[in-house]
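Visitor: just need the structure, nothing else, for what follows:
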Amino acid sequence: MQPRVSIIIPVYNGEKYIRNSIIKLQMQTYANLEVIYVDDGSTDQTGIILDETATEDDRFRVIHKENGGVSAARNTGIKAATGEYLIFFDADDEVTPEVIQDNVDVAITSGADVVLFGFWYFNVDCKEEKVNEFPVSFSGTREEFFTQCVSEAVDREFFNAPWNKLIKGKLISDNGLCFDTRYSLYEDNLFATDVFIHAERIAINPKAYYRYFLRSSGSLLTRFHDNIFEGLTLFYDRAMEYCRGFDRNEAQIHSFERMYVTHTYTFLKQISCNRELTPQRKKELLQSICEEEKLQKALAHVELKGRKRIIRYLIRRKQYHMIEMLYCSRSKFFDQRKA
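Guide: The predicted structure follows:
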């Protein structure tokens, strides 16, 4: 008999896209599914649509709860799940009909505790799509995955998200894994790192199955106040802890350092160019980030060019106003270069 797979999907006020999400899951070629939608206090028609679906299709379950954020909703789904495997999707994204079948097959064949698979990024604003597939298939132990795949997985953003991973439910329950409700961003990264810390065997299916929609309404700029840098730094700490569990880890550490610095630079740019922040508040935010000791150490190890190298110099000199000016410059020289 097929092992049951629990698909956990948090949703809040998703009436515009929830029907498409439902249809994509009803099209799955895999039969033994438990689809758990966690309605996170929606005030539109989302809950009604989901309840109607659950009445018509016994594979679907709906849990209604007070609004508490995506992490709390996912944790509610974890507690309710009965599947041998769990997977986490977002309600406003899309999946192919074979996403569950193909990756369960990989999990069974390889004996993996977690299977990673490829995905697409679709930019809603410019209607551009980019495929992100791993270069090779892989199946092996935790040590082999770390040695052979982690650097590539971090650089290709395979490592971070929960929605490109089929995970054994026993791994989650035995180790008490859950999403950190303190953070509105990087909670995914923290959860994924914990999964890799505890997984004995890991497999990679390079093929793309998940379409992740990039929407400007969900940009970091609109959510910066929600202790995002603190969440990023906690993830970086957890990643370093993960790397220290292996003897030869220099390349992997450098991959996480590059990610830490790259994401931090994004925050610096968005703070600098945010017109809603007062000059004093900008200075406070820039200073709090730039004086982080872990960032200073990572900057010393990462190779930087162009504007990024100048920014590093200004960080070390504590020239926060110059950082703001540099990022917000509209000169032709800097507009031709990516921040």
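Visitor: partner strands of the strand ranked longest in the chain, with direction?
Guide: Residue-count comparison of every strand in the chain, with assignments taken from DSSP state E, identifies strand 201-214 as the longest. As defined by DSSP bridges, the strand partners of strand 201-214 come to strand 94-95 (antiparallel), strand 114-123 (parallel), strand 138-141 (antiparallel).
Visitor: which one of those strands lies closest to Leu190?
Guide: Nearest to Leu190 among the strands paired with strand 201-214 is strand 114-123; the distance by Cβ to Cβ comes to 15.2 Å. Any C-beta I mention is one placed from the backbone N, CA and C, and that applies to glycine too.
Visitor: what's that closest one in contact with?
Guide: Among residues not part of strand 114-123, those counted as contacts by Cβ atoms under 8 Å, 6 or more residues apart in numbering are 99, 102-103, 106-107, 128-134, 153, 158, 161, 163-168, 171, 195-196, 199, 202-214.
Visitor: is it true that Ala31 touches Met1?
Guide: No - using Cβ atoms under 8 Å, Ala31 is not in contact with Met1, being 9.9 Å away.
Visitor: okay, these two: which has more neighbours?
Guide: In this view Ala31 and Met1 are compared by other Cβ atoms under 10 Å, and Ala31 has more residues nearby, 12 against 5.
Visitor: let's verify the more buried one: helix, strand, or coil?
Guide: Classification of Ala31 into helix, strand or coil gives coil, according to DSSP: H, G, I helix; E, B strand; the rest coil.
Visitor: contact partners for it?
Guide: Here Ala31 is in contact with Gln2 (criterion: Cβ under 8 Å, 6+ apart).
Visitor: returning to what we had before: kindly export the longest strand of the chain (C-alpha atoms) in CSV.
Guide: In CSV, the C-alpha atoms belonging to strand 201-214 read as follows (Å, rounded to 0.1, in the frame of the first residue of the first chain):
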residue,chain,number,x,y,z
ARG,A,201,19.8,9.8,4.5
ILE,A,202,19.0,12.5,2.0
ALA,A,203,18.1,12.4,-1.7
ILE,A,204,17.9,15.0,-4.4
ASN,A,205,15.6,14.8,-7.4
PRO,A,206,16.9,17.6,-9.7
LYS,A,207,13.6,17.9,-11.7
ALA,A,208,11.4,21.0,-11.1
TYR,A,209,7.9,20.4,-9.7
TYR,A,210,7.0,23.6,-7.8
ARG,A,211,6.3,27.1,-9.2
TYR,A,212,7.1,29.8,-6.6
PHE,A,213,5.4,33.1,-7.4
LEU,A,214,7.5,36.2,-6.6
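Visitor: same question for that strand, mean pLDDT?
Guide: Along strand 201-214, the predicted local confidence has a mean pLDDT of 97.
Visitor: how about it: buried residues?
Guide: For strand 201-214, a neighbour-count test (16 or more other Cβ atoms under 10 Å) marks 201-205, 207-213 as buried.
Visitor: please apply the same query to stretch 15-32.
Guide: The neighbour-count criterion (16+ other Cβ under 10 Å) identifies 15, 17-18, 21-22, 24-25, 28, 30 as the buried residues of stretch 15-32.
Visitor: so can I have a markdown table of those showing distance to Lys308 and pLDDT?
Guide: Below are the buried residues of stretch 15-32 laid out as a markdown table (distance: Cβ to Cβ, whole Å; pLDDT from 0 to 100):
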| residue | distance to Lys308 | pLDDT |
| --- | --- | --- |
| Glu15 | 42 | 97 |
| Tyr17 | 36 | 96 |
| Ile18 | 41 | 98 |
| Ser21 | 38 | 98 |
| Ile22 | 43 | 98 |
| Lys24 | 39 | 98 |
| Leu25 | 42 | 98 |
| Gln28 | 43 | 98 |
| Tyr30 | 44 | 98 |
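Visitor: looking at the residues you listed, which is nearest Asp40?
Guide: Closest to Asp40 out of those is Ile18 (12.3 Å), distances taken as Cβ to Cβ.
Visitor: my read: that closest one touches Ala91, true?
Guide: Yes - in this structure, Ile18 is within contact of Ala91 by Cβ under 8 Å, at 5.9 Å.
Visitor: from the buried residues of strand 201-214, which is closest to Leu268?
Guide: Minimum distance to Leu268 across the buried residues of strand 201-214 is 24.7 Å, recorded for Tyr212 (Cβ to Cβ).
Visitor: how about the contacts made by the closest one?
Guide: For Tyr212, the set of contacting residues under the criterion of Cβ under 8 Å, 6+ apart consists of 90, 93, 119-122, 161, 163.
Visitor: hmm, which of those are the buried ones?
Guide: 90, 93, 119-120, 122, 161, 163.
Visitor: any idea what Phe60 is bridged to?
Guide: For Phe60, the residues forming beta bridges with it (DSSP bridges) are Val35.
Visitor: wouldn't it be in contact with Val35 here?
Guide: Yes - under the contact definition of Cβ under 8 Å, Phe60 touches Val35, with a separation of 4.7 Å.
Visitor: what do the two both touch?
Guide: Counting by Cβ under 8 Å, 6+ apart, the residues touching both Phe60 and Val35 are Leu25.
Visitor: what's the longest helix in the protein?
Guide: Counting by DSSP state H, the longest helix found in the chain is helix 250-272.
Visitor: immediately after it, which helix or strand?
Guide: For helix 250-272, the succeeding helix or strand toward the C-terminus, using DSSP states H and E, is helix 279-290.
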